[in-house]
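Trainee: all I have is the shape, not the residue letters:
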């Protein structure tokens, strides 16, 4: 694994918490290609970060490296692997007290999300 220290962590989602602080989802894109089309990234979620139920326009897989989050009513800790088929949705996710770190791969680098029914 080559975790290039020069690749920056970029905040891609933010929320304001009840106490006035902010939490973020940070991503570090480590590999992407147009042919075949894919994106591999590390993600780091601040403690308490909420990612609403959503889907992707492509298959999407993630593995929890450190920390934990809940996905719906399931607690997901290190080693948890989630596979999302094209058009399916998942979540909501809530990062644990120490946040969570993930490794994700999707076959689309557009990173678009599908709207879902509440």
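Mentor: Thanks, I have it. Note that the structure is predicted; figures quoted are calculated from it, not measured.

Trainee: which residues does the residue lying closest to residue 88 once chain neighbours are set aside form a beta bridge with?
Mentor: Nearest residue to residue 88 in three dimensions, chain neighbours excluded: residue 55, at 5.8 Å (C-beta to C-beta, 6 or more residues apart in numbering). For glycine as for every other residue, the C-beta is placed from the backbone atoms N, C-alpha and C. Beta-bridge partners for residue 55, by DSSP bridges, are residue 89, residue 114.

Trainee: pretty sure residue 55 contacts residue 85?
Mentor: No - contact criterion C-beta atoms under 8 Å: residue 55 and residue 85 do not qualify, at 9.4 Å.

Trainee: so for these two, which sits in the more crowded spot?
Mentor: residue 55 (19 against 11; other C-beta atoms under 10 Å).

Trainee: confidence score at that one?
Mentor: Per-residue confidence (pLDDT) for residue 55: 76.

Trainee: can you tell me how far the residue located most distally from the centre of the chain is from residue 87?
Mentor: Centroid-distance maximum for the chain: residue 19 at 23.8 Å, with C-alpha atoms, centre = their mean. To residue 87, residue 19 is 37 Å away according to C-beta to C-beta, to the nearest Å.

Trainee: quick revisit: any idea how far the residue nearest to residue 88 lies from residue 43?
Mentor: Residue 55 is 17 Å from residue 43, by C-beta to C-beta.

Trainee: may I have the strands that pair with the one helix or strand residue 67 maps to, each with its orientation?
Mentor: Residue 67 is part of strand 60-71, with elements assigned from DSSP states H and E. Partners of strand 60-71 in the sheet, by DSSP bridges, are strand 74-76 (antiparallel), strand 81-84 (antiparallel), strand 93-106 (antiparallel).
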